[in-house]
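Participant: pasting the sequence and the predicted model now:
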Amino acid sequence: MTIPELGWPRRTERLELRLPTDEAVDEVLGWRNHPDVTRWLLRTTVDPDSFRKAWMASADDPLDHGVFVHLGDVVVGLASLGVQDGLGQREDGEPWRAAEGTLGYSFDPAYAGRGFATEVAGALLELGFTELGLHRITAGCFAANTASARVMEKLGMRREQYGVRDSWHAELGWIDGCQYGILAEEWNRG
């Protein structure tokens with residue numbers, strides 16, 4: 001599968017999705033390590049230099065569609081859609097190559113509860129299925145992160161896995177985790 005060139009920035013109803021810039025990274029670093037943000041992320045606090053390097057490199061990676069979410073002039077969140085191979089037997093064409101996506105998002109707690117995560121995740125699902133031609137997109141969360149689970153469920157993603165104490169949380173120890181997924185044909189029906 002060939003990954004197409006994508007045009008950025010992109011608008012949603014209220015937001016603009018833009019590629020990372022040094023200025024935007026600086027803004028995100030102002031809230032990224034806040035306890036309300038790190039509580040439900042797999043990577044808790046981040047080293048600013050490593051964070052900057054990873055996000056700036058994502059802009060040149062055709063399989064990593066990482067964006068910063070702007071509300072006017074303010075960066076209120078970040079989101080990504082990573083493309084990867086699905087599971088498959090080798091055959092002509094190998095349709096499983098670059099056929100799956102992994103969705104992630106995080107928002108400044110000052111802008112939580114406004115539906116921004118649902119809006120952005122929906123835009124990335126649309127991008128993944130209509131422009132990238134993905135077969136399936138998944139996302140995961142700690143089961144106790146009910147806000148993130150609600151986002152995925154609102155978008156039509158189904159809970160495919162519930163793991164009992166399968167996820168390590170730095171403060172809480174072993175806790176339950178969930179994996180959600182949606183297929184292209186399910187998104188198209190929506």
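Facilitator: Great, that's in hand.

Participant: and the strands in this structure?
Facilitator: 10-11, 16-18, 64-71, 74-84, 100-107, 136-142, 158-169, 173-183 (DSSP state E).

Participant: tell me where the model's unsure across this protein.
Facilitator: Residue ranges of the chain with pLDDT under 70: 1-4, 188-190.

Participant: what about residue 124, how many neighbours?
Facilitator: Residue 124: 25 surrounding residues under other Cβ atoms under 10 Å. C-betas here are computed from N, CA, C, even on glycine.

Participant: who's in contact with the closest residue to it other than its chain neighbours?
Facilitator: Excluding the flanking residues, the one nearest residue 124 by Cβ to Cβ, 6 or more residues apart in numbering is residue 81, at 4.5 Å. Neighbouring residues of residue 81 by Cβ atoms under 8 Å, 6 or more residues apart in numbering: 65, 101-103, 124, 127-128, 132, 137.

Participant: and the residues you listed, which is closest to residue 166?
Facilitator: residue 102 (17.3 Å; Cβ to Cβ).

Participant: residue 142 and residue 41 touch, don't they?
Facilitator: No. Using Cβ atoms under 8 Å, residue 142 is not in contact with residue 41; the gap is 9.4 Å.

Participant: comparing the two, which residue is more hemmed in?
Facilitator: residue 142 (20 against 16).
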